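>>> Quick one: sequence and predicted model below, then my questions.
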Amino acid sequence: MSNSPNPEAASGGGARQLLGMKGASGTSSIWKIRLQLMKPVTWIPLIWGVLCGAAASGNFHWSLSEVGASIACMLMSGPLLAGYTQTINDYYDREIDAINEPYRPIPSGAIPLGQVKAQIWILLLSGLGVAYGLDLWAAHTTPVLLLLALGGSFVSLIYSAPPLKLKQNGWLGNYALGASYIALPWWAGQALFGQLTWTTALLTLAYSLAGLGIAVVNDFKSVEGDRAMGLQSLPVAFGIEKASWISAGMIDVFQLAMVAVLIAIGQHFAAVLLVLLIIPQITFQDIWLLRDPVAFDVKYQASAQPFLVLGMLVTALAIGHSSLVS
């Protein structure tokens, strides 16, 4: 079994391969290939989202039981269901990846399609099983975690699979992705330790519009294949330069909207902290994103996203100390 290496992979290609990042080197290890399909680098925002939801609940305690439940919720959201999402996306994107990233496991022939299908089902059923177990632990009369897991898994399916294939539409597909990476894990963490209210659900859906901007960044590397396959990603529809401004605008405007919400609920210190976390994001947008998003997409995300996720936690903690959770 062989895996055609990426000709552009430089030093660090092995680590990139394990994380599922662009610029990966080849490997013959079937377990490394399976991990690459699951793209561990994408698990981080979902794991962080669970933490934000737990903080927003205002009811998390550092007991052994609750720490264990939070870790199980992170396992469900990240390795299992995000891994399912990434694997099924690679399965349905194999023709596009053959153009954009021919070294990926499926287009390179490193793993048979039958094994990819088996991995999809194992990850999905395992994630749903953990969700149901968490509902039992939390003594939910309605299996909230299971319903969230089912809903997120369905969105993942229609995002990647025909006939709907939401990713064919840049706006709809990127919002579905943003909501899946921000709102859903937040809801899971909050529902696990407290009560998910309509107010916080709507706020996180609004926050997910900033996630739409982040999702656009991932489209820049795929312009050639998306155009060839007729997918209307925002870089294809508007051009790379305009799409970079749309991405930056969505990220900044909807975080600033959260600043306004924090001020409105009396969380002024948190609002100031969030502004201070937005400023470096704008700086890195000018340095990397707006100058050449194709060349600097990884550098931009590595430098700017830590400030975005810290801003999410600041917002979650502020909500947890406000009346919005009651």
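Structure received.
>>> from here on, contacts and neighbour counts on C-alpha atoms
OK.
>>> Would you mind measuring from residue 46 to residue 116?
Distance of residue 46 to residue 116, given as CA to CA, to the nearest Å: 22 Å.
>>> Please disregard the earlier target; I meant residue 173.
23 Å.
>>> So those two - more neighbours on which side?
residue 173 (23 against 19; other CA atoms under 10 Å).
>>> Name the nearest residue to that one, ignoring sequence neighbours.
Spatial nearest neighbour of residue 173, chain neighbours left out: residue 167 (4.1 Å); criterion: CA to CA, 6 or more residues apart in numbering.
>>> Measure how buried the one you found is and give me the count.
22.
>>> Likewise for residue 98?
Residue 98 has 15 nearby residues by other CA under 10 Å.
>>> can you pull the contacts of the residue nearest the centre of the chain?
Central residue of the chain (CA atoms, centre = their mean): residue 181, 3.5 Å from the mean position. Contacts here follow CA atoms under 8 Å, 6 or more residues apart in numbering; on that basis residue 181 touches 45, 46, 49, 208, 211.
>>> Throw the residues you listed into TSV and include neighbour count, thanks.
Shown next, in TSV, are those (neighbours: other CA atoms under 10 Å):
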residue	neighbour count
45	20
46	26
49	30
208	27
211	27
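>>> Now, the residues you listed that are in helices?
45, 46, 49, 208, 211 (DSSP state H).
>>> Go through these and say which is closest to residue 254.
For the ones in helices among the contacts of residue 181, the residue nearest residue 254 by CA to CA is residue 208; the value is 8.3 Å.
>>> I'd guessed the closest one sits against residue 178; true?
Yes - with contact defined as CA atoms under 8 Å, residue 208 reaches residue 178; the gap is 5.1 Å.
>>> quick one: common contacting residues for the two?
Counting by CA under 8 Å, 6+ apart, nothing touches both residue 208 and residue 178.
>>> Next, work out how far apart the spatially closest residue to residue 168 that is not a sequence neighbour and residue 119 are.
Once flanking residues are discounted, residue 168 sits nearest to residue 231: 4.5 Å by CA to CA, 6+ apart. Going from residue 231 to residue 119 by CA to CA gives 26 Å.
>>> next one: residue 85
From residue 85 to residue 119 the distance is 11 Å (CA to CA).
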